[in-house]
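Asker: I'd like to go over a predicted model; first the sequence, then the structure.
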Amino acid sequence: MKTPVSRRALLGAAALLPLATPALAFPDQPIRIVVPWNAGGATDVVTRALATAMAPIVGQPVVVDNRPGANGAVGAQFVAQARPDGHTLFVASAETHAVNPLVYQRLAYDPMADFLPITLFADGPFALVVRSGLGTDTLAAFTALARSRPGALTYASWGIGSTSHLAAARVIQAAGLDMLHVPYTGAAPAYTALVAAQVDAMFMNAGPAESLSKDGRVKVLGIGSSTRVPLLPAVPTLREQGMALDAANWFGLVGPARMPAAAATRIAEASAEALRNPAAQEVFRTQGILPVTGTPDQARAFITADRERWAAVIRPLNLRLD
């Protein structure tokens, strides 16, 4: 299991070592993990794999509860207000804990004050994908085409302020491009528009990128991490092609702010053990997502640093949402 180098430095070299098991009777009832997105998406799929592998480790059922809405805010608010005994957890991501507080003027939760970070469990590098027929097979060719036609090329995302939108904004800023953003209401309609050549490019999860590229419906130009993704081993990273930036999302477990620290450590330990399960690893692989582990302190440090990374992208955009 590997993480991008920049993330590994934040997570710590001991991220894969077993944690000390705290002496407490936890859990003593089923654990609920709230996923703030619809069932069937990459976040949901890998969380369910994690939950299935965790259940025998903690000795209790681990169930996934989908509560989508408001770019993850609906589920986040629900867990922030839940009983802080460690039995109700939340799948945090860059959207919920780094981006939302930077773009929403009124947010019903505080991503740091209302939650106790527990552990990261997944790193999801994005793939830069272009429509079939655009005529660009490399990142260099794509940026050259965009520079030659300022304002003419379009890029899709699964919503304004989404990580898909902001990952593209990172590349546009770094390369000095002028492109038109076309936001959609979700990943599926954005993918459909790209395949139908209604838009020219987008950042998407590596799993769908691999699937859509199999029969030539799209072309994958680069991976937004410091290491190649096993699902797309022939596709170079953006860094290999001279663009020193990452474009990715992450997923982690957090709980209500006042949950016992010992319970958080127990969950982090169980998550790390679950991610060694071959069945869980295979699910992650097919989604193009990398399993990661770490302690509550490492998770807190990573989330804080990630918010600063996204802030550097969002500030020039002057992006504010109601």
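Answerer: Arrived safely. Residues are numbered from 1 along each chain as shown.
Asker: Measure how far the helix ranked longest in the chain is from the centre of its chain, please.
Answerer: Looking across the chain with DSSP state H, the single longest helix is helix 296-317. Distance, stretch centre to chain centre, for helix 296-317: 13 Å (Cα atoms, centre = their mean, to the nearest Å).
Asker: ok, now stretch 181-198?
Answerer: Using Cα atoms, centre = their mean, the offset of stretch 181-198 from its chain centre is 19 Å.
Asker: Please save the CA atoms from that stretch in PDB.
Answerer: Taking Å, rounded to 0.1, in the frame of the first residue of the first chain, the C-alpha atoms of stretch 181-198 are listed here in PDB:
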ATOM      1  CA  HIS A 181     -15.700  25.600 -16.600                       C
ATOM      2  CA  VAL A 182     -18.900  23.600 -17.200                       C
ATOM      3  CA  PRO A 183     -20.300  22.200 -13.900                       C
ATOM      4  CA  TYR A 184     -22.700  19.300 -13.700                       C
ATOM      5  CA  THR A 185     -24.900  18.100 -10.900                       C
ATOM      6  CA  GLY A 186     -22.800  14.900 -10.300                       C
ATOM      7  CA  ALA A 187     -20.000  12.800 -11.700                       C
ATOM      8  CA  ALA A 188     -22.200  10.600 -13.900                       C
ATOM      9  CA  PRO A 189     -23.600  13.400 -16.100                       C
ATOM     10  CA  ALA A 190     -20.200  15.000 -16.300                       C
ATOM     11  CA  TYR A 191     -18.800  11.700 -17.600                       C
ATOM     12  CA  THR A 192     -21.600  11.300 -20.100                       C
ATOM     13  CA  ALA A 193     -21.000  14.800 -21.400                       C
ATOM     14  CA  LEU A 194     -17.300  14.100 -21.900                       C
ATOM     15  CA  VAL A 195     -17.900  10.900 -23.700                       C
ATOM     16  CA  ALA A 196     -20.500  12.700 -25.900                       C
ATOM     17  CA  ALA A 197     -17.800  15.300 -26.800                       C
ATOM     18  CA  GLN A 198     -20.000  18.100 -25.200                       C
END
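Asker: which residues are in contact with the longest helix of the chain?
Answerer: Defining contact as Cβ atoms under 8 Å, 6 or more residues apart in numbering, one finds that helix 296-317 is touched by 7, 10-12, 15, 92, 94, 97-99, 101-103, 111-112, 116-120, 166, 169-170, 173, 250, 252, 254, 261, 264-265, 268, 294. Quick note: C-beta positions are derived from backbone N, CA and C, even for glycine.
Asker: and G252, which of the three is it?
Answerer: strand (DSSP: H, G, I helix; E, B strand; the rest coil).
Asker: Quick check: which ranges of the stretch 1-150 of the chain have low pLDDT?
Answerer: 1-24 (pLDDT under 70).
Asker: Helices of that one, start to end?
Answerer: Assigned by DSSP state H, counting those that start in this stretch, the helices in the stretch 1-150 of the chain fall at 5-11, 42-58, 73-80, 94, 100-103, 139-148.
Asker: Could you dump those into TSV with distance to Q281 and mean neighbour count added?
Answerer: Shown next, in TSV, are the helices of the stretch 1-150 of the chain (distance: least, Cβ to Cβ, whole Å; neighbours: other Cβ atoms under 10 Å):
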stretch	distance to Q281	mean neighbour count
helix 5-11	18	17
helix 42-58	9	21
helix 73-80	26	22
helix 94	23	24
helix 100-103	30	20
helix 139-148	29	17
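Asker: Take those helices and lay them out in CSV including distance to P236.
Answerer: Converted to CSV, the helices of the stretch 1-150 of the chain look like this (distance: least, Cβ to Cβ, whole Å):
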stretch, distance to P236
helix 5-11, 16
helix 42-58, 22
helix 73-80, 35
helix 94, 23
helix 100-103, 30
helix 139-148, 8
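Asker: Would you mind saying which of these lies nearest I160?
Answerer: Between I160 and the helices of the stretch 1-150 of the chain, the tightest spacing by Cβ to Cβ is seen for helix 100-103, at 8.2 Å.
Asker: Counting by contacts, list what the closest one packs against.
Answerer: Secondary-structure packing of helix 100-103 (3 or more Cβ pairs under 8 Å, 6 or more residues apart in numbering; DSSP states H and E): helix 296-317.
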